[in-house]
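J.: Make a model of this:
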Amino acid sequence: MKPIYLIVVLAAATALLAQQSVSPSGQSRTRQTSRNTIEQAPAEKAEPATLKRLAGKVQASTPLTHANLDVYLIEGDDLADTTQVLTLDEAMSLKKKGVMVKETGQVNELTVQNRGDDKEVFIMAGDIVKGGQQDRTLASDLPLKPKSGEVPVGSFCVEQGRWRKRGGESVSDFGSSKNVIASKEGKIAVRKAANQGEVWKSVAETQEKISRNIGKDVKPAASASSLQLTLEDKDLKTKIGAFKDSLLGAVEKSPRSLGVVFVINGEVNSAEIFAGHDLFRRVWPKLLEGIAAEAISLADAKKAEKPAASEEVMKFISKAEESPATKKPLQGSLKHVSAESDETCLFETADDKNDGKWLRRSIIKK
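T.: A predicted model of the protein is given here:
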């Protein structure tokens, strides 16, 4: 193949991938019908959905603060028993009795398998899995039953340049999930836009902002486009450690805490609310690392003239829950539920066969 022709082909393939989007279930919304024709797959039909509102049943704690990050714990009674639900990181660490996350040969779809005998595993949208052909973030909240068999899950690349083995990592599966997407723009790119190009853009912006605010380039030599490796940067981890020293113990001291609202530079950023304290307690370190990285990346951003107070925090939740909601098929009886207003995006995965049960409700400020 002539070099010029090869460059043209590679450029076209990259442009197609950047535009590709996936459904919540992981199925690509585009398919190639010939060498020159791209056909848009039919959109999944959305149905009206009813949100079970938390406003009035939960309350916000007094704020806990470190640097430019305020944390409001959301407290209330458990909505479900989550003591028998493992996080993805916990399950991957169990090896043969845990979760296997495998490559499929497609950027925007992986398979997950819960090989455990008795515990459900909760996969969070925004979880980053490290390894394989390239690091990915997962597209949807997905509870996996014990002995689930291989289940497809949507994914997005958070490492643009690599499609090969890296170091001693497996190229066919993924070894760990220690981090999450570290910007609200990235979360919206994954969960609302569902667009690979937007995800890549958010990764590049996050890397640039972190580099500017810690005074060094955090693009790693091993793979300059890897968000995961950026989040492992030694100097960044030191700064994140100060946030953890200040805030990590708060959840253990609040046994009725179900979730959190994050405020950065005085403005509400996002909320993560879980069905039970025990699950929230175990995902808290991962969430805190992600939001600390985002706060660091925004250290030089403009501060709000009047910082958000607890009343505004609760209003953020209630107004998001008042937005019109829709649901689309995910896996079996599971539905991908979303609600959008001019200011917020809300997401959850609900089980239609279990009275609309959900394990996490995420609210992101646009």
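J.: C-alpha only now, for contacts and for neighbours.
T.: Noted.
J.: Show me the shaky parts of this structure.
T.: Residue ranges of the chain with pLDDT under 70: 1-43.
J.: Try it again at 90.
T.: 1-45, 55-56, 95-96, 161 (pLDDT under 90).
J.: which stretches of it form helices?
T.: Applying DSSP state H to the chain gives helices spanning 3-19, 88-92, 184-188, 196-214, 227-231, 234-247, 277-297, 310-321.
J.: Turn the ones you listed into CSV, including mean neighbour count and distance to S362.
T.: Listed next are the helices of the chain as CSV, based on neighbours: other C-alpha atoms under 10 Å; distance: least, C-alpha to C-alpha, whole Å:
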stretch, mean neighbour count, distance to S362
helix 3-19, 12, 25
helix 88-92, 23, 17
helix 184-188, 20, 10
helix 196-214, 20, 18
helix 227-231, 24, 21
helix 234-247, 16, 20
helix 277-297, 22, 12
helix 310-321, 18, 10
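J.: Which one of those helices lies nearest to E159?
T.: helix 227-231 (6.4 Å; C-alpha to C-alpha).
J.: And for the closest one, what's in contact with it?
T.: Contacts to helix 227-231, defined as C-alpha atoms under 8 Å, 6 or more residues apart in numbering, come from residues 128, 130, 135, 158-159, 179, 203, 207, 218-220, 223, 237, 293.
J.: Tell me which entries of the residues you listed lie within strands.
T.: Per DSSP state E, strands hold the following members of the contacts of helix 227-231: 128, 130, 179.
J.: Can you spell out which residues form a bridge with the first one?
T.: Per DSSP bridges, the residues bridged to I128 are T137, N179.
J.: Can you tell me which of the contacts of helix 227-231 is nearest R256?
T.: For the contacts of helix 227-231, the nearest to R256 is N179 (24.8 Å; C-alpha to C-alpha).
J.: Identify the residues contacting the most centrally placed residue in the chain.
T.: For the chain, the residue nearest the mean C-alpha position is G126 (1.4 Å; C-alpha atoms, centre = their mean). Each residue near G126 by C-alpha under 8 Å, 6+ apart is listed here: 137-140, 180-181, 187, 190.
J.: Repeat that for R281.
T.: 251-252.
J.: From S318, how far out is it?
T.: 23 Å (C-alpha to C-alpha, to the nearest Å).
J.: S257 too?
T.: 18 Å.
J.: same question, K306
T.: Counting by C-alpha to C-alpha - K306 and S318 are separated by 21 Å.
J.: so where do the strands sit in the stretch 51-200 of the chain?
T.: 59-60, 64-66, 69-75, 85-87, 99-106, 109-114, 120-123, 127-131, 136-138, 142-144, 151-157, 174-180 (DSSP state E, counting those that start in this stretch).
J.: Please tabulate these in CSV, including the columns distance to L248.
T.: Converted to CSV, these look like this (distance: least, C-alpha to C-alpha, whole Å):
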stretch, distance to L248
strand 59-60, 17
strand 64-66, 10
strand 69-75, 11
strand 85-87, 17
strand 99-106, 26
strand 109-114, 29
strand 120-123, 21
strand 127-131, 19
strand 136-138, 24
strand 142-144, 25
strand 151-157, 29
strand 174-180, 15
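J.: Buried deepest among the ones you listed, which one?
T.: With neighbours defined as mean count of other C-alpha atoms under 10 Å, the strands of the stretch 51-200 of the chain peak in mean count at strand 136-138, which reaches a mean of 28.
J.: Figure out how far that strand is from the centre of its chain.
T.: Counting by C-alpha atoms, centre = their mean, to the nearest Å, strand 136-138 is centred 8 Å from the centre of its parent chain.
J.: so what does that strand touch, helix or strand wise?
T.: If contacts are counted by 3 or more C-alpha pairs under 8 Å, 6 or more residues apart in numbering; DSSP states H and E, strand 136-138 sits against strand 127-131, strand 151-157.
J.: Of the ones you listed, which is nearest K119?
T.: Here strand 151-157 is closest among these (C-alpha to C-alpha), at 16.2 Å.
J.: Please render the helices of the chain as CSV that adds distance to I364 to the earlier fields.
T.: Output for those, formatted as CSV (distance: least, C-alpha to C-alpha, whole Å):
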stretch, distance to I364
helix 3-19, 23
helix 88-92, 22
helix 184-188, 7
helix 196-214, 15
helix 227-231, 20
helix 234-247, 21
helix 277-297, 12
helix 310-321, 9
